[in-house]
Each structure stands twice: as C-alpha cells, then as structure tokens.
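> pasting the sequence and the predicted coordinates here, then a few questions.
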Amino acid sequence: QLQLVESGGGLVQPGGSLQLSCAASGFTRGYYAIGWFRQAPGKEREGVSCISSSGSSTNYADSVKGRFIISRDNANNTVYLQMNSLKLEDTGIYYCAAHLSCSRTNLIVGSWGQGTQVTVSS
C-alpha cells in the first residue's frame, strides 16, 4: 500500500528557508506524480506545487513561484520542497500526495499523510 510521510517542518522567521521531504514507500506501479499541498488555520487545503513522475515537469501556485522549488530523487523515493524567502502567509500544515499526473491533482492515490507543520513567525 502506497504510503507517504512528510517531514522537515518547523519554526522559521520571515525570509528564512526550510526544506520539506516526502518519503514514499509501498508503491507497485513505478513512480507517481507528487503534489505538495498546505492548509492554513481556518482555510481549505490548497495546492502548492507538483512534480511529474520523471521529474521533468513541475508547476507552482502563483503565491510561491520564484520562492519554492520542488525536486525528486527517485532512487531514494523522496520528493523535496525547498522553501525560500518564507512569508507569514506560508504558515500551515504541509502535505504531500501521489497522483497519476500533475494535471489530475484533484485525485490522490492512497491517502493523505499526517503532514508537517510549518510556522513562519518573527
């Protein structure tokens, strides 16, 4: 059974950086596209970024373009989200999810993980 585990969250000051990791295990059909999502208190979960199964294609929400970088290491079944120039509004719980493709992020393969908390505060 596909399982994704997020890690790397923490408390950081505005302008700081964090790198999140999404470790995958239990998949039986090659690799999946992986999306990062976040949910701020009192708000709905929103898509942040997605990377294709090969890593050749990525996309970003407008709010994080130029600041966040998604990458993947298929040899180690891990997807990363490098977050730079963090803002207060980046605060939230960050989740990763598997998709058949980045054009279908409304559907996930398997279930949501527990997420990792990112808090941007001075």
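The structure has been received and is ready for your questions.
> which intervals of the chain have sub-threshold pLDDT?
Regions of the chain meeting the criterion pLDDT under 70 cover residues 28-30.
> let's verify the residue nearest in space to the middle of it: helix, strand, or coil?
What sits nearest the mean C-alpha location of the chain, by C-alpha atoms, centre = their mean, is residue 36, with 2.5 Å. Following DSSP: H, G, I helix; E, B strand; the rest coil, residue 36 is assigned to strand.
> right, and it touches residue 46 too?
No: Residue 36 lies out of contact with residue 46 (C-beta atoms under 8 Å); the separation is 10.1 Å. Bear in mind the C-beta positions are built from the backbone N, C-alpha and C, glycine included.
> show me what contacts the closest residue to residue 112 other than its chain neighbours?
Leaving aside its sequence neighbours, residue 112 sits nearest to residue 95 (C-beta to C-beta, 6 or more residues apart in numbering; 5.6 Å). If you count contacts by C-beta atoms under 8 Å, 6 or more residues apart in numbering, residue 95 has them with 6, 36, 37, 38, 39, 45, 112, 113, 115.
> doesn't residue 95 belong to a strand?
Yes: the assignment for residue 95 (three-state DSSP) places it in a strand.
> what about the nearest residue to residue 45 once chain neighbours are set aside, how many residues nearby?
Sequence neighbours aside, residue 39 is the residue nearest to residue 45 in space, at 4.2 Å (criterion: C-beta to C-beta, 6+ apart). Around residue 39 there are 14 other residues, counting by other C-beta atoms under 10 Å.
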